[in-house]
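# how does the following fold in three dimensions:
(4 chains)
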Number of protein chains: 4
Amino acid sequence: MTPRTGRHFLQIPGPTNVPDRVLRAMSAPTMDHRGPEFSALTHRLLDGLGPVFGTTGPVVIYPASGTGAWEAALVNTLSPGDRVLSFETGHFSALWREMAGSLGLETATDFVPGDWRHGADPGVLAERLTADKQHAIKAVCVVHNETSTGVASRIPEIRRAMDEAGHPALLLVDTISSLGSIDYRHDEWGVDVTVAGSQKGLMLPPGLSFNAVSDKALAASRTARLPKVFWDWKPVIEANRQGSFPYTPATNLLYGLEEALGMLREEGLPQVFARHARHAAATRAAVRGWGLEVLCLDEREHSGSLTAVLMPDGHDADKLRKIILERFDMSLGAGLGKLSGRVFRIGHLGQIGDLTLAGTLAGVQMGLELAGVPVGTGGLGAALDTLRAE
Amino acid sequence: MTPRTGRHFLQIPGPTNVPDRVLRAMSAPTMDHRGPEFSALTHRLLDGLGPVFGTTGPVVIYPASGTGAWEAALVNTLSPGDRVLSFETGHFSALWREMAGSLGLETATDFVPGDWRHGADPGVLAERLTADKQHAIKAVCVVHNETSTGVASRIPEIRRAMDEAGHPALLLVDTISSLGSIDYRHDEWGVDVTVAGSQKGLMLPPGLSFNAVSDKALAASRTARLPKVFWDWKPVIEANRQGSFPYTPATNLLYGLEEALGMLREEGLPQVFARHARHAAATRAAVRGWGLEVLCLDEREHSGSLTAVLMPDGHDADKLRKIILERFDMSLGAGLGKLSGRVFRIGHLGQIGDLTLAGTLAGVQMGLELAGVPVGTGGLGAALDTLRAE
Amino acid sequence: MTPRTGRHFLQIPGPTNVPDRVLRAMSAPTMDHRGPEFSALTHRLLDGLGPVFGTTGPVVIYPASGTGAWEAALVNTLSPGDRVLSFETGHFSALWREMAGSLGLETATDFVPGDWRHGADPGVLAERLTADKQHAIKAVCVVHNETSTGVASRIPEIRRAMDEAGHPALLLVDTISSLGSIDYRHDEWGVDVTVAGSQKGLMLPPGLSFNAVSDKALAASRTARLPKVFWDWKPVIEANRQGSFPYTPATNLLYGLEEALGMLREEGLPQVFARHARHAAATRAAVRGWGLEVLCLDEREHSGSLTAVLMPDGHDADKLRKIILERFDMSLGAGLGKLSGRVFRIGHLGQIGDLTLAGTLAGVQMGLELAGVPVGTGGLGAALDTLRAE
Amino acid sequence: MTPRTGRHFLQIPGPTNVPDRVLRAMSAPTMDHRGPEFSALTHRLLDGLGPVFGTTGPVVIYPASGTGAWEAALVNTLSPGDRVLSFETGHFSALWREMAGSLGLETATDFVPGDWRHGADPGVLAERLTADKQHAIKAVCVVHNETSTGVASRIPEIRRAMDEAGHPALLLVDTISSLGSIDYRHDEWGVDVTVAGSQKGLMLPPGLSFNAVSDKALAASRTARLPKVFWDWKPVIEANRQGSFPYTPATNLLYGLEEALGMLREEGLPQVFARHARHAAATRAAVRGWGLEVLCLDEREHSGSLTAVLMPDGHDADKLRKIILERFDMSLGAGLGKLSGRVFRIGHLGQIGDLTLAGTLAGVQMGLELAGVPVGTGGLGAALDTLRAE
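Numbers count the residues shown, from 1 in each chain, chains lettered A, B, ... in the order given. Have a look, this model is predicted:
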């Protein structure tokens, strides 16, 4: 590879471009995690996280990656053999379901198949729950924003379906690639456990993950029988009251978290969401201008975080990504699972401004041309029209 | 608190003072964890970790704190109800045992009580294992260096006791506060799982942890039935072959790990161990010079990483630590568990030079005097004699 | 101003985007400037600077900005009342001439007027020097790359004109915005003093500046009578032999310099120059695509570092820059001196890759449209054609 | 040299240990020096500098090292042949005087010899000025804190001597190693030009320097005839009104300056001065405890920034410094000029806490013993008594 002559364009759907403010904050000296300064930091962090999740309840911070927070959501609330309903919305929903199975939960009965181009279907959910007269289903797992497809499920409608069915199952939602990018409200939407990670909309490196926990989930945790120690909410929530953690926290990532929360506050969450939506719209305009197809088929479910683009038949997405990496020093997301080679994904989440998006789409356009993909030339121009329009 | 007018002295037994080289390395931009550069980084890290653990086998890196690596060692090798032998060497051995119990292992039968002033007793182990004719004991858990007491157990003798008893139990060793500070050899000493963390001798912030794994442990993992997903070795070891991870790794901490491994290599592991031993000897000389008692009672078991000091009756260690923090901006370790208030701990591990140790001991000496503890004045001088001698 | 939501686009013609590698290098602890490590650093820096200037002679490093290096070139080589020939190529050539006058040099007689759209004219120079039979002209001052106009004077032709006239005047060349961006060869081109700064092609923050010095200039310095202490070459060159400086050097900027020199070496100077030329060509393609006029009128003199663009009559360049700053968080260069309001300048020097340039030109295009400037829409597309072509 | 195993002790009298907060601030991206953000930064800096100099008048910031600010003080206020009175207080007073001579000022007539162990003598000054009936002396140059000797001249008494003589000479004071460390008041003490640098009490790397300017000095600058361009106050003061600079400022060092000014404000200048005085007292207690001699002979003139220590006859200070550097990784200041080899200097200025000072003095004590210098062992203990006392 030729030497890099500028800043790498990291336009995968996460980890995202960590702001240099955050990197600098992370490079402060590690402190005593049992001293008074650390305790004050913990309290500031917990105060700052609530609004981002839209909750006044506890948020558990794990010194671990997002996969761990998936596991935490399950082991804290469920018992061996419990039935879990899940939707086939893409690669990550499949992985989460597979994890549930490995942990001893029953995931075969209540599986809702899908085409990886739509979100979780509230109508199907209503049917399934209504049919479950014995309330054998203990939890409904939904991935808010499917990072593999760029499809955002409609959580409020999911909640409404559950309420209308009068079903007591817990609602567990993965917001790993939506939190801090797409409007989300843990309390208002009646979510029981929200799973999140640091490396996407929160603009941090990977290494922290989160569970926001409802009262109902807390109550469930008191009787849940899956074994747990590291992931156990209880000692964390208790220690957090004194500003401490039951085991050594990832101090320097927490410094970064404080800075990132400050940045979200400065911009304002509504502005953050609007910016992501606007960048997503510009990206879709480019895709249409190239004559290509956005993977997501439902207008109501377009992701604000990323856009997955279908390659025309006979063209390999990974070959395209390789050309773009080597020629323009930009990383794009690969198609995952059954979409491998057929899809590439453009991340437009976290810290990103209009001109970086423009540069990104310029790189995709040039890459498509170099790869010999027959595309219209109006893609970038259409995106700029969107960006310019405000 | 008055404003700090210099560099904080972080002399707890970990997290340790992260070298600024490592902090700078960690502040590089987060990269694509599925790209070719990341893959090359992973291979370099795995190559570099082996010598530090003294192993040619796999080392599993977790994006999690050390407590998680404890859990990983257990859930990968054991099944519900398995009997685990453990020693009461201090606070952390007790926590690890408690974790094993919570995970469904049997820890009551094979518990070896202790006085928190000695390491694991190879003689007692020999008796216990010899008595276990049915080989019902599946694993022996030992904390190499007890961070709560400053006592280092003699792992080679532990191994010999197991060999002489001809007992097939796995040997699981916690090296969280010894790896990179005290001589340790996973392969040569026949350890099956070595548990380590980033925030001590490896000179990194907390957030990474490790399992070094023997062939025998790998074999055991194929039949172990404790549920596991996040901690499962198998997908990590498989993905590592291609330089990737099964879930998002803690990229920026890995940058720091590469730098820290380079620093250990530059200094040379034997020199690193000798330096720690020398600083520990100087610290004990100071303690004796003050007329105080080192907690560790066996000359063969003095820790190179930290020194726990007993307060004279009627004097509160936490009051002393508070005076030292407020007057001299130095953090020392508290007495943990049953040693609370009776012991303070001086960390001298990780990145530390002679003059920082001298400043540390000067701060302890002044603090003892300010706290009204009756101490001899020769402590610091005795330490300097040791430092100057070599 | 709304909060920034991404990385600022600093597309002025310097200071340029300092690579994060360089910023990290600069954040290492300040060291003893009289110790052995510093001495080794100095030698490495001086070894590394030579090839960048194209010289095997001394390069004097000043802990000062570029303006100081202008002054140094004059005061080390000239005496009160000496006649200096200069060209009106733009704002900076005018400032340098004004400085010469303030220092007591005679600058009125040998002034070659210009239109700010061409470089220094070798033909006119030949005439002037030939006419100066008494060799009263002691120095010829040329700005290699006029940062105010984006016009690069042809130094080899200037040299040839001097040689053909058989004139002994010194040739002083300002390469502040060309060194490390546009091909330059101090020795081969027979330059006597090359003036440079840190904050452009060298990819550093401002604060360092340089004089590369020929033997002839050194000889002149022995009899030059303008007063000088801080700028005096002699003590610097002498101290440099031992790896030291006669006054406290700007240590942390020197750390950055070492890193930046390493980056130039990794990419290779020919590749660095080719990249700048290619980016300049793409930018001019965009300007033509918009139907606007590049300020530089001579194809042989287009700058690789920046492009100055003329606004159509009735349109204010500063209003455009304000729109672009506020809407797209990009800084562009203003028109300077008599070009104020009529010109804006796009910097494409230092650390910059294709997609950052594409984003830059997208921002200019959108800004022009928002400012109501009548422009063709093909600008960005034409630039991408250039970038894609390789 | 063996690899460093901890943090270097940089205990020279400057450059000092730059706080990591300042280094992090300096690593922010370089910004447009003509944009609105930079302008706001400039105003904040100028507002913050005033109190540190004790002035409400202009402070000129140079992107240059301290030697440049010496030159600036002279060329802005004086004309060729002007008589300048100076004191032989040490190496730096001699260098400043030598500079004045090189610039064309008359420095032979009004030179007050000294023994390098006392400050400028107000009594002698009174005599000299009284004798100068024609007021031929145009400026009095005093180094507030002689970095080569650790002697602080009594500026208020110098001022009083001038006032009592009714002499109109300007008072130029070098505070390079006192500003931000030793009490100093430009306005109240009637100083006309205060010269300062970034790399000592201001806790920054080298690369910035300063002139604080009285009304009288400003008036003098209007008629001063030494040539000047780079150092000229006028364009700087004018541009500063709009928050800009007449040439490219050293942006990233200015970021550091803002952070450092914030740190001084947080601690409080009186506390900063008291801390330095206390550390100086502790250091002198150590020197006396070793049975060595402090170079400074007058109790009223002990420096708060550094302590110069005389070696016993037959012992080489540079050999001692080499032992301490190699064995304990600590840099101390050498004897300069005629004190070479006879004196070593301990810097205790800038960012430093009690335990770093204790470590420093421990290193000196061990070094003295290793070098075979006959010293008493009570040095460090006496210093700790001082540190503990308050």
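# wait, residue A:55 touches residue A:186, no?
Yes. Using Cβ atoms under 8 Å, residue A:55 and residue A:186 qualify as a contacting pair, with a distance of 4.0 Å. (Glycine included, C-beta is placed from N, CA and C.)
# what do the two both touch?
Counting by Cβ atoms under 8 Å, 6 or more residues apart in numbering or on different chains, the residues touching both residue A:55 and residue A:186 are A:194, A:212, A:214.
# beta partners for the first one?
What that stands for is residue A:194. residue A:173, residue A:212 (DSSP bridges).
# what about stretch A:255-264, near chain B?
No. Stretch A:255-264 lies apart from chain B when judged by Cβ under 8 Å from any Cβ of the partner chain; the minimum separation is 8.8 Å.
# list the buried residues of that stretch.
A:255, A:256, A:257, A:258, A:259, A:260, A:261, A:263, A:264 (16 or more other Cβ atoms under 10 Å in any protein chain shown).
# mean confidence for it?
Average pLDDT, stretch A:255-264: 98.
# of the shared contacts of residue A:55 and residue A:186 - the most surrounded one?
When the shared contacts of residue A:55 and residue A:186 are compared by neighbour count (other Cβ atoms under 10 Å in any protein chain shown), residue A:194 ends up highest, at 33 neighbours.
# gap between that residue and residue A:153?
Distance of residue A:194 to residue A:153, computed by Cβ to Cβ, to the nearest Å: 13 Å.
# from the buried residues of stretch A:255-264, which ones fall inside helices?
A:255, A:256, A:257, A:258, A:259, A:260, A:261, A:263, A:264 (DSSP state H).
# how about the fifth one: what's its closest non-neighbour residue?
Once flanking residues are discounted, residue A:259 sits nearest to residue A:25: 3.8 Å by Cβ to Cβ, 6 or more residues apart in numbering or on different chains.
# the one you found: neighbour count?
Around residue A:25 there are 22 other residues, counting by other Cβ under 10 Å.
# where's it, which helix or strand?
Here residue A:25, judged by DSSP states H and E, is contained in helix A:20-26.
# what does that helix contact?
Contacts of helix A:20-26 (Cβ under 8 Å, 6+ apart): A:203-205, A:252-253, A:255-256, A:258-260, A:263, B:26-29, B:252, C:7, C:20, D:24, D:27-29.
# just stretch A:154-163 next, same as before
A:119-120, A:122-123, A:125-126, A:129, A:140, A:142, A:144, A:169, A:171, A:173, A:184, A:189-191, A:300-301.
# now, which of those lie within strands?
A:140, A:142, A:171, A:173 (DSSP state E).
# rebuild these as JSON lines, extending it with pLDDT and neighbour count.
Shown next, in JSON lines, are the ones in strands among the contacts of stretch A:154-163 (pLDDT from 0 to 100; neighbours: other Cβ atoms under 10 Å in any protein chain shown):
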{"residue": "A:140", "pLDDT": "98", "neighbour count": "26"}
{"residue": "A:142", "pLDDT": "98", "neighbour count": "26"}
{"residue": "A:171", "pLDDT": "98", "neighbour count": "22"}
{"residue": "A:173", "pLDDT": "98", "neighbour count": "28"}
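# same list (those) but as a markdown table, adding distance to residue C:273.
As requested, the ones in strands among the contacts of stretch A:154-163 are exported to a markdown table (distance: Cβ to Cβ, whole Å):
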| residue | distance to residue C:273 |
| --- | --- |
| A:140 | 61 |
| A:142 | 55 |
| A:171 | 60 |
| A:173 | 54 |
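# farthest-separated two in these?
A:140 and A:173 (8.9 Å; Cβ to Cβ).
# which one of residue A:55 and residue A:186 has more residues nearby?
More neighbours surround residue A:186 than the other of residue A:55 and residue A:186, with 26 against 20 (other Cβ under 10 Å).
# how near is residue A:390 to residue C:234?
On the measure of Cβ to Cβ, residue A:390 and residue C:234 end up 60 Å apart.
# of the two, who's got more company?
Higher neighbour count among residue A:390 and residue C:234: residue C:234, with 14 against 7, using other Cβ under 10 Å.
# quick one: contacts for that one?
residue C:221.
# taking the stretch 1-150 of chain A, what residue is nearest to chain D?
Residue of the stretch 1-150 of chain A nearest chain D, by Cβ to the nearest Cβ: residue A:24 (4.8 Å).
# quick one: pLDDT of that residue?
Looking at residue A:24, its pLDDT reads 97.
# next one: residue A:390
On the pLDDT scale, residue A:390 gets 70.
# please report how far the nearest residue to it once chain neighbours are set aside lies from residue B:184.
Take residue A:390 and drop its neighbours on the chain: the residue closest to it by Cβ to Cβ, 6+ apart is residue C:327, 7.8 Å away. Noted for residue C:327: a distance of 59 Å to residue B:184, by Cβ to Cβ.
# in TSV: the ones in helices among the buried residues of stretch A:255-264, plus distance to residue C:311.
Output for these, formatted as TSV (distance: Cβ to Cβ, whole Å):
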residue	distance to residue C:311
A:255	46
A:256	43
A:257	45
A:258	45
A:259	40
A:260	40
A:261	43
A:263	35
A:264	38
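# closest one of those residues to residue A:336?
Distances from residue A:336 to those, taken by Cβ to Cβ, are shortest for residue A:260, at 26.1 Å.
# contacts only, for the closest one.
Counting by Cβ under 8 Å, 6+ apart, residue A:260 has contacts A:19, A:22, A:202, A:203, A:204.
# can you put those residues in a markdown table and add neighbour count?
Converted to a markdown table, the contacts of residue A:260 look like this (neighbours: other Cβ atoms under 10 Å in any protein chain shown):
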| residue | neighbour count |
| --- | --- |
| A:19 | 21 |
| A:22 | 26 |
| A:202 | 28 |
| A:203 | 29 |
| A:204 | 31 |
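# please identify which pair of those residues lies farthest apart.
Using Cβ to Cβ, the pair of the contacts of residue A:260 lying farthest apart is A:19 and A:202, separated by 10.8 Å.
# circling back to that earlier point, residue C:327 and residue B:184: which is more packed in?
Counting neighbours by other Cβ under 10 Å for residue C:327 and for residue B:184 shows that residue B:184 has the greater number, 27 against 18.
# buried among the contacts of stretch A:154-163? Make that a ChimeraX selection.
Buried residues among these (16+ other Cβ under 10 Å), as a ChimeraX selection:
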select /A:119,120,122,125,126,129,140,142,144,169,171,173,184,189,190,191,301
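# which of the contacts of stretch A:154-163 fall in helices?
Reading helices off the contacts of stretch A:154-163 with DSSP H, I get A:122, A:123, A:125, A:126, A:129.
# pretty sure residue A:346 sits against residue A:330.
No. Assessed by Cβ under 8 Å, residue A:346 is found out of contact with residue A:330, at 9.6 Å.
# now the stretch 51-200 of chain A against chain C: closest residue?
For the stretch 51-200 of chain A, Cβ to the nearest Cβ, closest residue to chain C: residue A:181, 11.7 Å.
# and the pLDDT for that residue?
Listed pLDDT for residue A:181 reads 98.
# I'd like to know how far it sits from residue D:231.
Distance from residue A:181 to residue D:231, by Cβ to Cβ: 52 Å.
# those two: which is more packed in?
Neighbours were counted for residue A:181 and for residue D:231 using other Cβ under 10 Å; residue A:181 has more, 31 against 24.
# before we move on, the earlier item: export the contacts of residue A:260 to TSV and tack on distance to residue B:271?
Shown next, in TSV, are those (distance: Cβ to Cβ, whole Å):
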residue	distance to residue B:271
A:19	39
A:22	36
A:202	41
A:203	40
A:204	36
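# nearest to residue C:133, of those residues?
For those, the nearest to residue C:133 is residue A:19 (64.1 Å; Cβ to Cβ).
# hmm, the closest one is touching residue A:356, no?
No. Using Cβ under 8 Å, residue A:19 makes no contact with residue A:356, being 11.9 Å away.
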